Structures are given as structure tokens and as C-alpha cells.
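Peer 1: Dropping the sequence and predicted coords here.
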Amino acid sequence: MSRYQSFSILSILIGFLFTFTSDAFSKIPGTDLYLKEMKKLKFDTSKVTFKEEKLPGMYHLPSAGPSTYANKFLIWAKDSRGRKLMAFRPINTTTGCNSGCTPIIFHLSLDLEGKTKSILEEKGQPLRKIYHQKMTDTDKTKLLKIAQNLPEALKWVEKPTQLTNSFTHFPPQTWTTYSDTLVKGGAYTTYRVFQAALTSYQFLGMSKRDKLNNQRGLQAVQKMLNSRPRSISELKQVISRIEKAISHPSLNQEAKAKLLAGLLTNLKHLAYYGSNKDLNLVKKSLNRKEYRGLFRFQYCEFLQSLLTFENGQKLLVDKIKETNAWPVCEYQVDSILPLLAAAELGKEDLVRKLYNEETFKKTPEFIKKDPSLLKTFIKATRLLGKDELFLKTLADMVVRYPLGDHSKVLKTLSPFEMRKLDSEKKLAEKSYREELARLVIKKDPAMSFPAIVGQRESGSIKLPFKGEKRQVYVFFASWCPHCKQTVKAWAENPKLGPSFWNSIGLIEVFAKKPGRAPVKEFCQATSLTGSKSYVCNDIVQISGSPKATKFYELINLTGVPRIILTDSKGKLAVFDYKIPHAPGTDFYRDILWLLEETKKIRK
């Protein structure tokens, strides 16, 4: 199998689909850029025409904002007789990060087999890397080689963030395993260019036979991972089968990556439900070269998950005794997790023994994102007498998770410590607000929210909202269980009153039935009745129609619930706000802070 013949997990799971040609555009954007490139390649462009072809969903890249053609289409250049000369792939995607990210805009020029010939930039939209620096000519040369050679190492990756260590660093730093296969300082941009090049080749260059073989391989892998063991004995058998399958020579990297992820999931189950003796099998199974290299990010996430239960904590403590038998995650993570596990197990002497001054200079980023880890870190810093770091971490906890119960630890503070905590809370709020501000789209001019007409109880209304102070658009489906759960939690929260409901717009999409009946059923199921019936009346329905389908495509709406935020002028601010689910999070407070930070940025 050649280096181009690796098929993505997503492609295989969905299966081989047929393409169709769309006549959606009266004028295809980007043609001047394409003609210029064709002239450079010595094509006679005097009679060239362009025709778009929509790609199946499995080949799409995520969108960075409303997009009519980017990420979803190939643009074919044809001669006067309608023969294909070459193709172009317009891309307007996102790095996949949640901090300080700008859209990644570029175009690939492709030969008839889908191999990348060049990477084209739009005027005013240069390819960038860390701190928004423009890529140099040397960077672009390396980027093109990556798009043309499609390195095997990157085919293990499912999302850009797996390329970097975000556990202990901000901005995230590239894992050394990938450093040679990425543009330095431009890991996320590199991956998106690689992904566009790979999916383009998969669509145009792979034979049906190769696609079918890969599909069968993935189906076998999926069947194995879908098994539901009913005993510890069966669970061990599943683990054994996965380990044997990983070494099978016919599987490509994507299939092996799926198996490696499945192995970690089953090992976690064995650690949780098994005996102390079973923990030895877990340790043995973790000693794999993949977890020391290309699968390091997932392995680090696995280690972090062990801290949430007693047997996992025992494993982490054992890690200190048997360091050489365990893959390395990252120095700070490898140092802190066993110490936190010892704190949870009440092993005070071991906590003091494992303490490392270098490790405890500040609270690691991955700990701030998990209130349970923060709680354990606070316990450890208090135990070690690291009063300054203890108060800083406690301030992070109180600011980031204000609805959590912090009374027990707050009662232990002296008057002096309470005053010091108040000062630290101001610094923690400033830092957290800066973190939220990094979610705001950095594009000038700001992108417009696509217009569409919906229906309220009182009649039709045009989106985006005009004359209403609604900057938070919550897209939901009336039949979606997770949507019901989310909205019901808001409705039953006594702290979320009219000011909250008047600041958000509930938008029903993907309706299975016409009329307001599904909305009323949704309101009954989510407690939007009685004093909150006005919220139900204000729900906007977008009915199924070609215009609605077009609107869904423009905002890349493929799942619900989905939240989009705008600035005060109705321009897009945050294209996909992730609803926080960590215990103690104040969703509405965070939204208000984010809107305040948006106002500062969009003066």
C-alpha cells in the first residue's frame, strides 16, 4: 500500500459514498486566483471554465465560520471541450484550538489524481503559526512537502490538538514525536493543510478496491470494539483480541489508532472493576511503543482519568516505583499525578516524598480545567504547606467553578488568608477573562451572521435578531435528549431569571414535524411552562426547506445543541461555544463575561 492509500477512520465508518455535482453558485469565488496559478503552470486559460463538485460529508473539513463553498467543494478547471485539466480545493477552516485562534484560509491546487501541486493564499489571509506570525517562505516550502508526501505519522492523528502538549503549557507546545513532521510553531495549521491534502487524495486518487478493503478492515475493528463484555473474564478476552489485532499487518494507521484508543478504554474498565491482581495486566498492556510516541496525547489523557477512582490512584502511585515500565507522558504530568493520587489515598508521607519544588511553581493548565483535579491539588498544596500556591489554586477554583461548594476549605482560612484570597481572586478573574477572550474570532472585518426567516408564536422573524438584546443563539432539536437535558437544567436553575432568557435565542432546527406542537412538547419536557411560558413563545422555528438546508451549511450545523455568539452589531463572535459541563461551572456568568470581553475587542 502506498503512502497515499491510507483512508481516514471517518471515511471508513461512514462508508463509500457517491458524489454529486451542484449548481449552487452563479459565480464561483476564487477563480482569479486559480487562473493566475494555471498561467504559472503554462495552461492556456483563454477558454477555461470552472465547475464545482460537492464532496461527500466524510471529506469535509470543519468550518471556521459561514461558508458557501469552502471545505465542501472541489472546483474543476475544464477546457473548451469540457475535459478536466486540474482541480482546486478551497478551505476556510479552524485550527481546532480554543484559544487565540484565527481561521485558516487557503486553496490547494490538485492534479487529476488528487495529489497536491501547490498551496495558494488569498490576499490579506496569510497562513499563520503561533502568536499569529506569518509563515515564512521556508515554512511554506516545508508545508507543501508535507501536503505532497502525506507523512505516515500524521495519519495517526484524529484532531489537531493531539499534536501538542496542552496539559502543562499555554500556548500548547508540539510533542517532540511530531516536531520533524510539522512546521515549527505551526502544528495546527500544518495539520489542517495535511488533512485537506489527504482527504482530497482519498476522494480522487484511491481506487474503489482500496476503499472497500479499508472499509472491511474498519468494520472488523468496529465489531471488536462494540463487544460488551459481561464479566472480568470476558473483558480480559477483549483486551487480548485487541492487542493481537493491533499487530495485524493488513491494518492501516487509522484502524490501529482506533484499536489503541479502544485498548485504553478497556484497560480503564479493567482497572476500575478488576482486582489488585488485574492491575498488573493493565500495567503490562500499557507498555507499548505507540504510547511512548505517536499515541502519547491519548495516553496522557488516560493517565489523568485514573485519578478519578481508587484503583486508578493505586496505579499512579505504582508508576513511581516502576518508572521504566511506563511510557513517559510529560515531566510535570508524570510528577504531579502520582503525588495527587497519594493525596487522595491519604498517604501523607508519600506526598511529602514525591514533592518536587520545580513541579509546584504554578498550577498546571490541565488541572485548572477539571474541578476534581483542582480540589486534589488544593489538598496537596495545603498538606505541603505551600501557602502561596494553595491560595492561588483556591482562587482559580472559586473563580472558575463559582457554583461549587467550597465552604469546607474556606472555613479553614484565617482572616489574613481570606484577605489574601480576595486579592488572588481578582488576578484569577483577569486570567480567566483573558482565556475566554481568546475564544472570540480574530477576523477583520468581522463575519456576518447568515440571514434567515423563522417563525415565532407571534409570527415570522428574521435572524440575526434586530432590536433585541439577544447575542446568544442556542440551536436545538425538539426531539434531542441532550438538548432537553441542557435546557431543562437552565429552566430549573433559580438563578437564571428573565435577564438570562431575554439574552438568548432558542432556535429549533431539524424539525421532524411541522407546526408548533413539537415546540410545545419540548417546553413541557423542559419546564418552560407557567411563569416561563414567554420563553416558549419566543422560540424561533426554522422549518425544513432548501433555504434552511443552505443556512445549516453556512453555519456548519451538523449537530445539536450548538451555541453561536454575536457581538452587539450582530457579527459573529464565537462560532461554536462549548457548553461547559464541569460541576460548579456558572454557564450564564461565563457567557456574560465573554460578551463583555467581546465588546472590548470589537470596539
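Peer 2: Everything's here; your move.
Peer 1: can you list the domain ranges for the chain.
Peer 2: Domain ranges of the chain: 9-206, 209-437, 452-601, per automatic domain parsing.
Peer 1: Throw the ones you listed into JSON lines and include distance to Lys443 and mean neighbour count, thanks.
Peer 2: From N, CA and C alone the C-beta is placed, and that goes for glycine too. Formatted as JSON lines, these follow (distance: least, CB to CB, whole Å; neighbours: other CB atoms under 10 Å):
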{"stretch": "domain 9-206", "distance to Lys443": "6", "mean neighbour count": "18"}
{"stretch": "domain 209-437", "distance to Lys443": "15", "mean neighbour count": "17"}
{"stretch": "domain 452-601", "distance to Lys443": "8", "mean neighbour count": "17"}
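Peer 1: Where does the prediction get shaky in the protein?
Peer 2: 1-27, 64-68, 96-102, 131, 166-171, 175-176, 357-359, 444 (pLDDT under 70).
Peer 1: Now do the helices in the stretch 301-450 of the chain.
Peer 2: In the stretch 301-450 of the chain, helices defined by DSSP state H, counting those that start in this stretch lie at 310-321, 331-344, 348-354, 365-368, 371-383, 387-400, 407-410, 415-437, listed in chain order.
Peer 1: mind putting those helices in JSON lines, distance to His132 included?
Peer 2: As requested, the helices of the stretch 301-450 of the chain are arranged in JSON lines below (distance: least, CB to CB, whole Å):
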{"stretch": "helix 310-321", "distance to His132": "38"}
{"stretch": "helix 331-344", "distance to His132": "27"}
{"stretch": "helix 348-354", "distance to His132": "39"}
{"stretch": "helix 365-368", "distance to His132": "20"}
{"stretch": "helix 371-383", "distance to His132": "30"}
{"stretch": "helix 387-400", "distance to His132": "26"}
{"stretch": "helix 407-410", "distance to His132": "39"}
{"stretch": "helix 415-437", "distance to His132": "14"}
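Peer 1: between those helices, which gets nearest to His60?
Peer 2: helix 415-437 (28.3 Å; CB to CB).
Peer 1: Give the next helix or strand downstream of the closest one.
Peer 2: Counting by DSSP states H and E, the element after helix 415-437 in chain order, helix or strand, is strand 452-456.
Peer 1: From Asp576, how far out is Pro558?
Peer 2: Small correction: residue 558 is Thr, not Pro. According to CB to CB, to the nearest Å, Thr558 stands 11 Å off from Asp576.
Peer 1: just so I know, which of the helices of the stretch 301-450 of the chain lies nearest Asn92?
Peer 2: The nearest among these, by CB to CB, is helix 415-437 at 22.5 Å.
Peer 1: tell me what that closest one is packed against?
Peer 2: helix 387-400, helix 587-601 (3 or more CB pairs under 8 Å, 6 or more residues apart in numbering; DSSP states H and E).
Peer 1: Redo those as CSV? Include distance to Ser458.
Peer 2: Output for the helices and strands packed on helix 415-437, formatted as CSV (distance: least, CB to CB, whole Å):
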stretch, distance to Ser458
helix 387-400, 39
helix 587-601, 25
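Peer 1: which one of these lies closest to Lys72?
Peer 2: Taking CB to CB, helix 587-601 is the member of those nearest to Lys72, at 28.0 Å.
Peer 1: Output the contacting helices and strands for the longest strand along the chain.
Peer 2: Ranked by number of residues, the top strand in the chain under DSSP state E is strand 84-93. Counting by 3+ CB pairs under 8 Å, 6+ apart, the packing neighbours recorded for strand 84-93 are helix 31-40, strand 73-78, strand 104-110, helix 187-204.
Peer 1: and the angle from it to strand 73-78?
Peer 2: With axes from the mean of the first three to the mean of the last three CA atoms, to 10 degrees applied, the angle from strand 84-93 to strand 73-78 works out at 160 degrees.
Peer 1: Direction included, what does strand 84-93 pair up with?
Peer 2: If you go by DSSP bridges, strand 84-93 pairs up with strand 73-78 (antiparallel), strand 104-110 (antiparallel).
Peer 1: any idea which helix or strand carries Lys495?
Peer 2: Using DSSP H and E, no helix or strand contains Lys495.
Peer 1: and the residue nearest to it when sequence neighbours are not counted, how far is that from Ile504?
Peer 2: Counting by CB to CB, 6 or more residues apart in numbering, Lys495 lies nearest to Tyr588, which is 7.5 Å off, once chain neighbours are set aside. As judged by CB to CB, Tyr588 and Ile504 stand 9 Å apart.
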